[in-house]
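S.K.: Test case, fold it:
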Amino acid sequence: MNNILSYFTKQIDLNSLTKTSTIKAKSFLDPFSFNHAPNKNKTYLVIGKNLISVGLKSLGYHVTEVDGINKNDLTIEGLIVNGTKFDYVIASDEYLTYYTSEVAQINAIEQLVKVTNIAFYTTLKDYKNMAPNQRFFYENFEVKTDSGDAVVVRKRDWNKSDKQRWLYRQWVIQNNKLFVADTVECRSMYFKQLAKFSSDAGAKDFQVEKKIMYKPLFSKSYEYIICISV
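M.R.: The predicted model follows:
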């Protein structure tokens, strides 16, 4: 799949970004009331390609990845079948918006609950109060590499018949060349929706962090961190 991460991993060793990765990991560990001391021997599952697993490992945590930077054959479905659970699960980068129907989003939340012992974390933007200019274009982001500086451009093309869905388009301009990432179909998710769907799936508590926010890799677009205890 042609995506922004795969484009830049050919030019940047993500495992060398220790400081950045620990900041991103600690943005999930610090705000909430759970004791995340590494010596507690808690287990962590990180879903998706991001720096969070790199940061957690550098801080001394026991981490497993699904669809992460380091390739393996693990899947959420496989973990559920085997009855494998983790104390904490982190599904960041608006994980739940990468499903094209409400039913699929509900199923994804139910899966997160099934593989979690204590709490899972995810991130969302505030789609209800989003400024008009933010609905379509993300703020451009510059990435400095040894191969030349690059600019990342991101845009949402909203579906005309379903106002909750959009096509997520991304481009990289580098050395007067254009890289076009694969278009991804997404669907918005609101805080109240997530709270209800999580409760319906058996979760006990829902918290949105208001001060510390998460910024995805190669982006200037901040997201709210949400902690859901099970």
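S.K.: Average pLDDT for stretch 91-98, rounded please.
M.R.: Stretch 91-98 shows an average pLDDT of 96 in the prediction.
S.K.: So which residues make contact with it?
M.R.: 28, 47-48, 50, 52, 105, 108-109, 112, 120-125, 184, 186-189, 194, 214, 216, 223 (Cβ atoms under 8 Å, 6 or more residues apart in numbering). The way it works is simple: take the backbone N, C-alpha and C, and place the C-beta from them, glycine included.
S.K.: and those, which of them are in helices?
M.R.: Using DSSP state H, the members of the contacts of stretch 91-98 that fall in helices are 28, 52, 105, 108, 109, 112, 194.
S.K.: Residue 121 versus the nearest residue to residue 30 once chain neighbours are set aside, what's the distance?
M.R.: Leaving out its chain neighbours, the residue that sits closest to residue 30 by Cβ to Cβ, 6 or more residues apart in numbering is residue 212, at 6.6 Å. Here the criterion is Cβ to Cβ, to the nearest Å. By it, residue 212 lies 12 Å from residue 121.
S.K.: List buried residues within the contacts of stretch 91-98.
M.R.: For the contacts of stretch 91-98, burial is judged from neighbour counts taken by 16 or more other Cβ atoms under 10 Å, and it is met by 28, 47-48, 50, 52, 105, 108-109, 112, 120-125, 186-189, 194, 214, 216, 223.
S.K.: in stretch 221-230, what's buried?
M.R.: Neighbour counts over stretch 221-230 (16+ other Cβ under 10 Å) mark 223, 224, 225, 226, 227, 228, 229, 230 as buried.
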